[in-house]
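Peer 1: 3D model of this:
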Amino acid sequence: MNWSASQAYPVAVPQAPSNPFAWYAAVIRKYAVFHGRASRAEYWSFYFINLVAGAVLYAAALQSEWFLVPYLLLALGTLLPQLAAL
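Peer 2: Sure, this is the predicted structure:
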């Protein structure tokens with residue numbers, strides 16, 4: 001049989017979320033999935049949201065030691081999802 005590119009089987013493309021926080025939540029939901037790769041949008045939104053949240057909590061922790069606990073919870077709580085998103 002002779003197949004052309006127009007006759008190939010359709011590939012199901014998942015619908016991407018429309019905002020970065022939905023991509024962030026997708027990475028958190030798939031924290032234990034170590035096969036495959038995260039999309040660029042998922043990875044970079046997760047990275048930048050963690051970067052901003054970590055910087056804000058770290059700056060607050062420098063002012064008051066009460067903010068050290070939320071900073072450490074963010075750092076430890078997102079360690080496994082950071083590894084899974086790579």
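Peer 1: for L73, what are phi and psi?
Peer 2: phi -60, psi -40 (degrees, to the nearest 10).
Peer 1: neighbours around it, how many?
Peer 2: By the criterion of other CB atoms under 10 Å, L73 has 11 neighbours. No exception for glycine: its C-beta is placed from N, CA and C like everyone else's.
Peer 1: check the gap between it and F67 for me.
Peer 2: 11 Å (CB to CB, to the nearest Å).
Peer 1: can you check E42 too?
Peer 2: Per CB to CB, E42 is found 28 Å from F67.
Peer 1: and for Y24?
Peer 2: Distance from Y24 to F67, by CB to CB: 21 Å.
Peer 1: and F34, what element?
Peer 2: Here F34 sits in a region with no helix or strand, counting by DSSP states H and E.
Peer 1: nearest residue to it other than its sequence neighbours?
Peer 2: A84 (5.7 Å; CB to CB, 6 or more residues apart in numbering).
Peer 1: quick one: the helices in the protein?
Peer 2: Here the chain has its helices, by DSSP state H, at 20-29, 40-63, 68-77, 79-85.
Peer 1: what angle sits between the second one and helix 20-29?
Peer 2: Put plainly, it is helix 40-63. Here the directions of helix 40-63 and helix 20-29 differ by 90 degrees (axes from the mean of the first three to the mean of the last three CA atoms, to 10 degrees).
Peer 1: so which elements touch helix 40-63?
Peer 2: helix 20-29, helix 68-77, helix 79-85 (3 or more CB pairs under 8 Å, 6 or more residues apart in numbering; DSSP states H and E).
Peer 1: now for the second one, which elements pack on it?
Peer 2: If I follow you right, that is helix 68-77. helix 40-63.
Peer 1: for the helix it packs on, which outside residues touch it?
Peer 2: 16, 20-21, 23-24, 26-27, 38, 67-68, 70-71, 74-75, 78, 81-82, 85-86 (CB atoms under 8 Å, 6 or more residues apart in numbering).
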